[in-house]
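> After the sequence you'll find the predicted model.
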Amino acid sequence: MSKAITVVLVAYLVLGGFPLAGPPSAVAGACDNSIVSVKAGTTSWYRTTAGDSSLAYTVRITEVSESGFTERHEFENAMFDVGWRCLPDGLRALDRAMFGARGDSTKSVKFETVSASGVHFPVRSRWIPGATWTESYTVRLAIPNAPMVFPPLTFTNRYQVVGRERVAVLAGSFDAFKVTITETSEGHPGLNQSGHLWVADGGVLVKAETRNPDDGKLHRVELVKLQR
């Protein structure tokens, strides 16, 4: 697996994808509420570091419907899509990710969602200090033409709102919620992550810092630019 795909995979496992917010949308339905106002074309530029590897990438909302939307995460040599469903209690990811080498669909890697529960991003009223929520999902890795069959992986993410604080990143200074995240994987402790997310009003991921308990390496994501 290429270095680019490896770093994309680390970023995906750390964050599981995270929805972007745009200005108020003309789309009616579950997505047009206080969770996130979704608008096609909203784009964020990020820089992610994992150990000694560092890459820039963008996240863009590409499609919006009454019940959900799709994000495209694009790296220099790889990309993946994450589909979201808007529910009354928050946002839930559908297919967790479809990785692909840019310009070469034969090198695609898919995480197929077998089951999911809970929400990744709750309604705005739950964003208060001390609030907690949980999401769980089982995914199956599929690699075209691979001789082996990969067993499903089950992840559980636990979140807790610590409070609010001012965060300075390359994109500017934001008043953000600080959220503790703990991700565990059944039978695969090497994939466990724990750390913090900083989320600005409207659902903008400003910064994330997580540490792998196995190697102790810090994985960081920072917002570089935001276009709504």
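Right, received. Where do you want to start? Numbers count the residues shown, from 1 in each chain.
> Going by C-alpha atoms from here, please, whenever you check contacts or count neighbours.
Fine.
> right, and the helix or strand after the worst-scoring helix or strand of the chain on mean pLDDT?
One helix or strand of the chain scores below all others by mean pLDDT, DSSP states H and E: helix 3-15, with a mean of 44. Remark: after helix 3-15, the chain's next helix or strand is strand 43-50, criterion DSSP states H and E.
> contact partners of that following strand?
Strand 43-50 is touched from outside by 7, 10-11, 20, 54-61, 217-228, with contacts defined as Cα atoms under 8 Å, 6 or more residues apart in numbering.
> Now a ChimeraX select for only the buried ones of the residues you listed.
Paste this into ChimeraX to select the buried members of the contacts of strand 43-50, with burial taken from 16 or more other Cα atoms under 10 Å:
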select :7,10,11,20,55,56,57,58,59,60,61,218,219,220,221,222,223,224,225,226
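> Inside strands: which ones of the contacts of strand 43-50?
In strands, judged by DSSP state E, the following of those are found: 54-61, 218-227.
> the longest strand in this protein is where?
Looking only at the chain and at elements set by DSSP E, the strand with the highest residue count is strand 153-169.
> what comes into contact with the helix or strand following it?
Next along the chain after strand 153-169, taking DSSP H and E as the criterion, comes strand 172-185. Outside strand 172-185, the residues within contact range by Cα under 8 Å, 6+ apart are 14, 127, 153-168, 191-201, 206.
> Please read off the pLDDT at the residue lying farthest from the centre of the chain from the model.
Note on the chain: the largest separation between a C-alpha and the mean C-alpha position, by Cα atoms, centre = their mean, falls on Pro147 (29.3 Å). pLDDT for Pro147: 72.
> Thr91 pairs with what?
Just so we're on the same page, residue 91 is Leu rather than Thr. Legend: beta-bridge partners of Leu91 under DSSP bridges are Cys86, Phe121.
> My guess is it contacts Phe121. True?
Yes. Applying Cα atoms under 8 Å as the test, Leu91 and Phe121 come out as touching, 5.1 Å apart.
> Pop out the phi and psi values for the residue farthest from the centre of the chain.
When read as degrees, to the nearest 10, the backbone of Pro147 gives phi -70, psi -20.
> Could you do Val206 as well?
Note on Val206: its backbone torsions stand at phi -90, psi -40 [degrees, to the nearest 10].
> so who does it touch?
Val167, Val169, Phe174, Ala176, Leu197, Trp198, Val199, Ala200, Glu222, Leu223.
> And for Gly187, the neighbour number?
Number of residues near Gly187 (other Cα atoms under 10 Å) recorded here: 11.
> so how far is Pro151 from it?
Plainly put, Gly187 is 11 Å away from Pro151 if you go by Cα to Cα, to the nearest Å.
> How about Gly202?
36 Å.
> Which one's more surrounded, these two?
Set Gly202 next to Pro151 and count neighbours by other Cα under 10 Å: Gly202 wins out with 18 against 10.
> Could I get the phi/psi values of the more buried one?
Backbone torsions of Gly202, given as degrees, to the nearest 10, read phi 90, psi 0.
> Pull up the per-residue confidence for it.
Listed pLDDT for Gly202 reads 72.
> and what of Arg92?
The predicted structure lists Arg92 with a pLDDT of 82.
> Pull the contacting residues for it.
When contacts are taken as Cα under 8 Å, 6+ apart, Arg92 is in contact with Trp84, Arg85, Cys86, Ser117, Gly118, Val119, His120, Phe121.
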